[in-house]
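1. When you get a sec, could you give me coordinates for this:
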Amino acid sequence: MVKIRKIAEKYGNEMFENLERLVNTNSFSANISGLHSVSDQLSDIAKGHGIELDKRISADDPTRRPHLLYENKQRDDFYAFIGHFDTVHLPDSDFNKLVENGENWVGPGVNDMKNGLLIALYTLVILKELLPLEQIPLKILFNSDEEISSPVSKHIIAAELKNAKGGFVFESGRMPGDMIVTTRKGVIGLDIDVIGKPSHAGESPSTGVNAIVDAATIVDKLNSLNGIVAGVSIQCTEITGGTARNVVPDRCHVGVDIRVPDLEKQAQTLKNIAHLLEDENLVTSQIQHKINIKRPPFVKTEKSDRLIRKYINKASDLGFQIQETSSGGVSDANNLSSFGVPVIDGLGALGRFPHTKKEYMVKQSLLDRLVIFSSFFYELIQEES
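-> Below is the predicted model of the structure:
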């Protein structure tokens with residue numbers, strides 16, 4: 001829509017100035033003062049456009065990290081926008097300022113995902129110019145703990161957003177090309193403790209049970225499960241054990257990262273792992289293990305596919321050829337979609353190399369993605385009115 005593009009361009013310089021301030025304010029997940037600074041900046045941006053963001057601090061969170069929530073209290077029905085403002089870059093890192101590099105902006109969190117916060121917020125700003133506020137069925141959650149698995153905000157999602165008609169997550173768009181994310185694997189943590197028997201490594205090695213050797217056997221067997229269930233990844237990523245070089249080790253811990261594309265394959269994988277670890281003939285040591293389902297898989301459904309088609313078609317009308325992609329990484333889309341909410345992810349600006357010192361955003365894509373999403377969302381709610 002020509003009108004939406006003109007409104008977006010009117011706010012272009014303001015958006016870029018705000019993005020620079022956000023990126024230049026460190027908001028590492030454990031930097032609580034930095035998280036409050038960024039949340040205050042976001043609140044000020046919203047307030048400047050007549051939008052109130054409510055700062056939420058959980059009573060159960062000893063760190064008192066802030067989260068921001070907007071809701072149209074005049075509507076019972078709503079769509080959900082989600083983004084996070086914590087990053088992985090340490091306060092004392094030498095990668096802490098935004099730098100312009102040709103057509104790209106390079107900086108901590110510029111791609112993952114401070115640009116997406118502004119696309120979400122300015123979508124509401126644009127729609128406020130086109131519709132009465134009470135006609136915009138919306139809740140927005142900006143959280144500060146996504147990079148550490150959303151320990152607090154996942155409960156806010158469950159309490160505030162689980163009944164959304166649809167969910168939109170503004171993680172960065174994917175390159176090469178111009179892609180949104182429509183599926184993500186779920187994450188399971190598996191912790192294995194191998195308990196052997198200590199002995200002197202020189203004088204009586206045969207009387208001990210070497211927990212490290214048995215752990216190596218377990219790692220090999222777990223690795224062999226890769227490929228049995230399509231799309232599942234089982235990676236032994238941590239191993240610790242032993243007390244001294246001259247002692248046969250009686251303890252060894254193995255940490256395992258498991259990624260699953262859907263609940264059916266998750267169930268089959270957990271069954272295969274249980275069968276393996278409960279085999280009394282596997283090793284001599286005792287085995288104790290614990291499963292932690294960290295994030296459920298984000299899968300495409302019929303309802304989400306309808307939203308995806310609408311978004312891609314609207315982008316095509318505007319001259320953009322959007323493609324779909326999946327991700328082995330996780331986001332808040334995993335949590336929201338677990339309630340049956342149809343979700344689209346990767347709606348932020350285009351960029352690459354998140355979590356590295358090469359992280360960048362394609363500058364022009366910030367306005368392009370804002371225009372696409374605002375046009376899509378405007379038509380979506382107009383169809384329902």
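2. going forward, measure contacts and count neighbours with C-alpha atoms only.
-> Fine.
3. to the chain's geometric centre, what's the distance from the helix or strand where Ala8 lies?
-> Secondary structure from DSSP states H and E places Ala8 in helix 2-10. Centre-to-centre, helix 2-10 and its host chain are 30 Å apart (C-alpha atoms, centre = their mean, to the nearest Å).
4. Show me what the helix or strand following it packs onto, helices and strands only.
-> Next along the chain after helix 2-10, taking DSSP H and E as the criterion, comes helix 12-23. Helix 12-23 sits against helix 32-47, helix 115-130, with contacts defined as 3 or more C-alpha pairs under 8 Å, 6 or more residues apart in numbering; DSSP states H and E.
5. Among those helices, which comes closest to Val209?
-> Across the helices and strands packed on helix 12-23, Val209 has its closest neighbour in helix 32-47 (45.8 Å, C-alpha to C-alpha).
6. Now do the contacts for the spatially closest residue to Asn246 that is not a sequence neighbour.
-> Closest residue in space to Asn246, ignoring its immediate chain neighbours: Ala201 at 4.9 Å, by C-alpha to C-alpha, 6 or more residues apart in numbering. Neighbour list for Ala201: 245-248 [criterion: C-alpha atoms under 8 Å, 6 or more residues apart in numbering].
7. Now restrict those residues to buried residues only.
-> Among the contacts of Ala201, the ones that count as buried by 16 or more other C-alpha atoms under 10 Å are 247-248.
8. now the contacts of Ala201 as TSV including distance to Arg306, pLDDT and secondary structure?
-> Formatted as TSV, the contacts of Ala201 follow (distance: C-alpha to C-alpha, whole Å; pLDDT from 0 to 100; DSSP: H, G, I helix; E, B strand; the rest coil):
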residue	distance to Arg306	pLDDT	secondary structure
Arg245	61	96	coil
Asn246	63	97	coil
Val247	62	98	strand
Val248	60	98	strand
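9. related to what we said a few turns ago, nearest to Glu278, out of the helices and strands packed on helix 12-23?
-> Judged by C-alpha to C-alpha, the one of these that comes nearest to Glu278 is helix 32-47, at 42.8 Å.
10. then that closest one to PDB, C-alphas only?
-> The C-alpha trace of helix 32-47 is given here as PDB (Å, rounded to 0.1, in the frame of the first residue of the first chain):
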ATOM      1  CA  ILE A  32      20.400  -6.000  34.500                       C
ATOM      2  CA  SER A  33      21.100  -2.300  34.500                       C
ATOM      3  CA  GLY A  34      21.600  -2.400  30.700                       C
ATOM      4  CA  LEU A  35      18.300  -4.300  30.300                       C
ATOM      5  CA  HIS A  36      16.500  -1.600  32.300                       C
ATOM      6  CA  SER A  37      18.100   1.100  30.200                       C
ATOM      7  CA  VAL A  38      16.900  -0.500  26.900                       C
ATOM      8  CA  SER A  39      13.500  -1.200  28.300                       C
ATOM      9  CA  ASP A  40      13.200   2.500  29.300                       C
ATOM     10  CA  GLN A  41      14.300   3.600  25.800                       C
ATOM     11  CA  LEU A  42      11.600   1.400  24.300                       C
ATOM     12  CA  SER A  43       9.000   2.800  26.700                       C
ATOM     13  CA  ASP A  44      10.000   6.300  25.800                       C
ATOM     14  CA  ILE A  45       9.800   5.600  22.100                       C
ATOM     15  CA  ALA A  46       6.300   4.200  22.500                       C
ATOM     16  CA  LYS A  47       5.200   7.000  24.800                       C
END
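11. Brilliant, that's me finished.
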